[in-house]
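Peer 1: next come a sequence and a model predicted from it.
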Amino acid sequence: MKTLKIIIVIILVIILIPVLSWVFWNFKSSHPLNILVVNKTVLDQDRKGHKALFWLLNNQKFLTSDGKEYNIRKDYFGFHPLRPAKSLKYEVRRIKLTDIEDLSSKYDMAYYVDTYGVFFNEWYSSMQKGKGKGSLIEGGLNNSDYLFIKSLIEKGKLLIAEYNFFANPTDILVRKKTEEMLGIEWTGWIGSYMVSLNAKKSKDLPEWIVDLYNLNNKNKWSFNGPGIVLVNEGRKAVIVLEESNHLTETILPELKTTNYGKEKYNLPASASFPRWFDINTSTDNEIIAECMLPVNESGQAILDQNNIPAVFPAIMTSTRDSRYYYFAGDFVNYPVRLCTARLNGIRTIEGLFNGNNSKSHSFYYWSYYLPLVTTILSDYQASLK
């Protein structure tokens, strides 16, 4: 009988906690904030590239201009896969030159999630395996994006942009104008940690990078273990930093928060970052966090040979009158469960399950990205009142 009572109590607790959490979420105040989200890299119905952002918006109850929750499938500009998925049909929703003034007036801010885009052979991957990226369907910053961003900033509104904002396939002239406007210069290098460098087994290693490496190294790609890949398409260069030869025991790239970042945003001192990043320089932006590549002496020598810094800005914000933040990483790409967005206190619950290991991807999202962006959006929304 005692065992039965314990089981009943456990079941009630399991049911009661989510119900109470949902009730408390419903009593939270909502915040109108009209955000133009741009994601030009959407290869599936899941919208995983901006799912975690929409989770945050719904969890914190930021609402669109018509008072509705943000819809992950509809409320963004960019590449839109259509149903059924097997049809491979799509629509592209672009910022048009004629709409720039209206859009920059209508929206409170913009968040450029990803501008890498979608290429023909990646979209039709089942038919084009082993043939590189193919021609571009949609992607890169274009002149309309630049003029929209310029108009937005001139109106004193907020811009947040992430990894690949400056990188290929953005037109060089558009890139230069955008770099000058934001006081950021892209070095031409991007990179990412890879759990496996095995070209046949890795799910994260792009085929085109292996092809680019083999083009200049007589088909010598023979890497297997974990490591960091650095790519410069303009120079047609690929550098592989292997765990066993070039990296310290830390292995993963690490975000190191500056004193400004700790004081202003109450961020942890550090967090590992296992996803794609781009390497930039900046002379007149406030640095919130830097990215540190965990190279040993051998790895540092390779970076020095290619003029690649081991430490570079990861999160920047403007020191000018304009309002913008640049995240030099694929920050928002995290496999969050949308069904938990309407639960209050879910960050605490996730923390209990995922622990406080600063080297885990979950720690980065729940303890670094989420509080950072929530603070940015909340402070900005409050300033609009």
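Peer 2: Thanks, I have it.

Peer 1: under the pLDDT cut-off, which ranges of this protein? List them.
Peer 2: 1-24, 26-27, 126-131, 348-359 (pLDDT under 70).

Peer 1: ok, which stretches of the protein are helices?
Peer 2: Secondary structure of the chain by DSSP state H: the helices cover 2-26, 48-59, 100-106, 120-123, 143-154, 172-182, 207-217, 243-246, 259-265, 297-305, 346-354, 361-364, 370-383.

Peer 1: columns distance to residue 324 and mean neighbour count on top of the ones you listed, output as TSV?
Peer 2: C-beta: built from backbone N, CA, C; applies to glycine. Below are the helices of the chain laid out as TSV (distance: least, Cβ to Cβ, whole Å; neighbours: other Cβ atoms under 10 Å):
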stretch	distance to residue 324	mean neighbour count
helix 2-26	31	11
helix 48-59	17	22
helix 100-106	14	15
helix 120-123	29	18
helix 143-154	7	19
helix 172-182	6	16
helix 207-217	30	16
helix 243-246	34	16
helix 259-265	15	15
helix 297-305	28	14
helix 346-354	26	14
helix 361-364	22	20
helix 370-383	10	16
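
Peer 1: which among those is found nearest to residue 282?
Peer 2: Between residue 282 and the helices of the chain, the tightest spacing by Cβ to Cβ is seen for helix 172-182, at 8.4 Å.

Peer 1: so what touches the closest one?
Peer 2: 140-143, 145-146, 149-150, 153, 165-166, 170, 185-186, 285, 318, 324, 326 (Cβ atoms under 8 Å, 6 or more residues apart in numbering).

Peer 1: quick one on the thing from earlier: the helices of the chain: which one's closest to residue 272?
Peer 2: Closest among the helices of the chain, once you apply Cβ to Cβ, is helix 361-364, at 6.5 Å.

Peer 1: what's the closest one packed up against?
Peer 2: Applying 3 or more Cβ pairs under 8 Å, 6 or more residues apart in numbering; DSSP states H and E, one finds that helix 361-364 contacts strand 270-272, helix 346-354.

Peer 1: quick one on the thing from earlier: looking at the helices of the chain, which is closest to residue 88?
Peer 2: Between the helices of the chain, helix 120-123 lies closest to residue 88; by Cβ to Cβ that is 6.7 Å.

Peer 1: any idea how far the closest one is from the middle of the chain?
Peer 2: 21 Å (Cα atoms, centre = their mean, to the nearest Å).

Peer 1: just the CA trace of it, in PDB.
Peer 2: Taking C-alpha atoms only, helix 120-123 is exported to PDB below (Å, rounded to 0.1, in the frame of the first residue of the first chain):
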ATOM      1  CA  PHE A 120      20.300  23.800 -56.000                       C
ATOM      2  CA  ASN A 121      22.200  20.600 -55.300                       C
ATOM      3  CA  GLU A 122      21.500  20.900 -51.500                       C
ATOM      4  CA  TRP A 123      17.800  21.400 -52.000                       C
END
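
Peer 1: can I get stretch 254-274 as CSV, trimmed to CA atoms?
Peer 2: What follows is stretch 254-274, C-alpha atoms only, in CSV (Å, rounded to 0.1, in the frame of the first residue of the first chain):
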residue,chain,number,x,y,z
GLU,A,254,35.1,28.6,-26.2
LEU,A,255,33.2,31.8,-25.7
LYS,A,256,35.0,34.0,-23.1
THR,A,257,32.9,36.8,-21.7
THR,A,258,34.5,40.2,-21.2
ASN,A,259,34.0,42.2,-18.0
TYR,A,260,31.5,44.3,-19.9
GLY,A,261,29.5,41.3,-20.9
LYS,A,262,29.4,40.0,-17.4
GLU,A,263,28.3,43.3,-15.9
LYS,A,264,25.8,44.4,-18.5
TYR,A,265,24.2,41.0,-19.4
ASN,A,266,25.1,38.9,-16.4
LEU,A,267,26.6,36.2,-18.6
PRO,A,268,28.7,33.2,-17.4
ALA,A,269,32.5,33.6,-17.7
SER,A,270,32.6,31.0,-20.5
ALA,A,271,30.7,28.5,-22.5
SER,A,272,31.8,26.0,-25.2
PHE,A,273,30.5,26.6,-28.7
PRO,A,274,30.4,23.6,-31.1
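
Peer 1: let the chain start at 824 from now.
Peer 2: Sure thing, new numbering starts at 824, so read that last one as stretch 1077-1097.

Peer 1: and the contacts of it?
Peer 2: Stretch 1077-1097 is contacted by residues 1015-1016, 1018, 1073, 1075-1076, 1109-1115, 1117, 1134, 1137-1138, 1152, 1181-1184, 1186-1187, 1190-1191, 1194-1195, 1198-1199 when judged by Cβ under 8 Å, 6+ apart.

Peer 1: just the buried residues of these.
Peer 2: 1015-1016, 1075-1076, 1109-1115, 1117, 1137-1138, 1152, 1181, 1183-1184, 1186-1187, 1190-1191, 1195, 1199 (16 or more other Cβ atoms under 10 Å).

Peer 1: what sits closest to residue 1043 if chain neighbours are left out?
Peer 2: Spatial nearest neighbour of residue 1043, chain neighbours left out: residue 1037 (7.0 Å); criterion: Cβ to Cβ, 6 or more residues apart in numbering.

Peer 1: nope, residue 1051 is what I was after
Peer 2: residue 1064 (4.3 Å).

Peer 1: same check on residue 1106?
Peer 2: In space, residue 1106 is closest to residue 1006, 6.7 Å off (Cβ to Cβ, 6+ apart).

Peer 1: check residue 894 too.
Peer 2: Closest to residue 894 by Cβ to Cβ, 6+ apart is residue 877, at 7.9 Å.

Peer 1: quick check: residue 931 vs residue 1009, distance?
Peer 2: Note on residue 931: its distance to residue 1009, by Cβ to Cβ, to the nearest Å, is 27 Å.
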